[in-house]
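Peer 1: Sequence plus the predicted model coming up.
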Amino acid sequence: MNAKSKIPCIPIEGSISYEDWLKGRRARRESGERVAPKIIRRKSSSSDKRLKKLFKGERGLPFTPTEKL
Amino acid sequence: MDPKKIKSALKDITAEKDPTIKSVKLASLCTSLWAERGVKLVVVGGSAIEILTEGAYASGDIDFCHASKANLPVRERQEVMGLLGAKGGPRNWQVGGMFVDILGPLETFARTGFRHIDAPYGQVLLVAPEELLVERVLVSVYPEKDQDAEDCAKKFIAAVLDGYIAMDWNEVCRIANLPEYRNLSEVEKIVGEVADERKIKNPLHPD
């Protein structure tokens, strides 16, 4: 557990429960957003043909906005 | 796994709109089904980083390697993925509204173990973050500067420095010093940058 915020930490030993992993999603996202752009999905890759076909021209499903995590 | 449970899981996964939750659920289902046949699947690369960091980095596919000595024979792979209504194969499939790639045997030098999430349809194994980070930093620099990989590495470091992902920094340094990577200076540089930016103590230079 993160001492400051009580956000569960993904541990080295043992496992994290699904509920704890869900609880930490927003905090983990927000950490990253302080040092890099919000969305950093690559613009292209060798898998583009199949991805864009399945995801209607995109490379995957849209990410859930941070405030909804 | 009971066919009814598989059907119900698949329905849940197909309906899931959050890409990271969808990945975790699908990873747990695939991992369980392959484990029943003696093969240990581990999530690798950007898919693993996304599950660890929520960095909005991954695309609509999930990459696995197998950590057991042997993969399933092609026929058995098609049968097990057939249980999920998958299309394609024998190394990548469309299933549940995304793609699953089994890349081959796991290449890892990490002495720290896999990270584990007790997900809805079984345990998900993630390759050691210590090596994931070193690998991402390498890709951000070689063969040429890659801004997306650098941003991904920075987000990863930020989540670790904030205490949300446990990391063995001695192991990070050991891996980065291996002949296979030789990028300790780049790792130190980017960790230092993020620590400075976030005004957090640099774990690689604690003084």
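Peer 2: Looks like it came in fine. Everything numeric here is computed off the predicted structure, so don't read it as measured data.

Peer 1: Could you use CA atoms for every contact and neighbour count after this?
Peer 2: Will do.

Peer 1: Tell me where chain B has helices.
Peer 2: Under the criterion DSSP state H, chain B contains helices at B:3-15, B:19-35, B:45-53, B:74-82, B:129-141, B:147-161, B:169-177, B:184-198.

Peer 1: With mean pLDDT and distance to chain A as extra columns, can I get those in CSV?
Peer 2: As requested, the helices of chain B are exported to CSV (pLDDT from 0 to 100; distance: least, Cα to the nearest Cα, whole Å):
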stretch, mean pLDDT, distance to chain A
helix B:3-15, 97, 12
helix B:19-35, 98, 6
helix B:45-53, 97, 5
helix B:74-82, 97, 18
helix B:129-141, 98, 9
helix B:147-161, 97, 4
helix B:169-177, 98, 12
helix B:184-198, 97, 7
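
Peer 1: Would you reformat the ones you listed as JSON lines and include mean neighbour count?
Peer 2: Shown next, in JSON lines, are these (neighbours: other Cα atoms under 10 Å in any protein chain shown):
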{"stretch": "helix B:3-15", "mean neighbour count": "14"}
{"stretch": "helix B:19-35", "mean neighbour count": "23"}
{"stretch": "helix B:45-53", "mean neighbour count": "23"}
{"stretch": "helix B:74-82", "mean neighbour count": "15"}
{"stretch": "helix B:129-141", "mean neighbour count": "23"}
{"stretch": "helix B:147-161", "mean neighbour count": "25"}
{"stretch": "helix B:169-177", "mean neighbour count": "19"}
{"stretch": "helix B:184-198", "mean neighbour count": "17"}
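
Peer 1: Nearest to B:G97 among these would be which one?
Peer 2: Shortest distance between B:G97 and the helices of chain B, using Cα to Cα, is found for helix B:3-15: 5.5 Å.

Peer 1: That closest one to helix B:19-35, inter-axis angle?
Peer 2: On the basis of axes from the mean of the first three to the mean of the last three Cα atoms, to 10 degrees, helix B:3-15 is oriented at 150 degrees to helix B:19-35.

Peer 1: ok so, going back, which among the helices of chain B is found nearest to A:S31?
Peer 2: The minimum distance between A:S31 and these falls on helix B:147-161, with 5.3 Å, by Cα to Cα.

Peer 1: what's the angle from that closest one to helix B:184-198?
Peer 2: For helix B:147-161 against helix B:184-198, the angle by the same axes, to 10 degrees is 70 degrees.

Peer 1: What count of nearby residues applies to A:E30?
Peer 2: Counted with other Cα atoms under 10 Å in any protein chain shown, the neighbours of A:E30 add up to 19.

Peer 1: one step back: make JSON lines out of the helices of chain B and add distance to B:H66.
Peer 2: Formatted as JSON lines, the helices of chain B follow (distance: least, Cα to Cα, whole Å):
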{"stretch": "helix B:3-15", "distance to B:H66": "21"}
{"stretch": "helix B:19-35", "distance to B:H66": "10"}
{"stretch": "helix B:45-53", "distance to B:H66": "13"}
{"stretch": "helix B:74-82", "distance to B:H66": "12"}
{"stretch": "helix B:129-141", "distance to B:H66": "16"}
{"stretch": "helix B:147-161", "distance to B:H66": "24"}
{"stretch": "helix B:169-177", "distance to B:H66": "21"}
{"stretch": "helix B:184-198", "distance to B:H66": "27"}
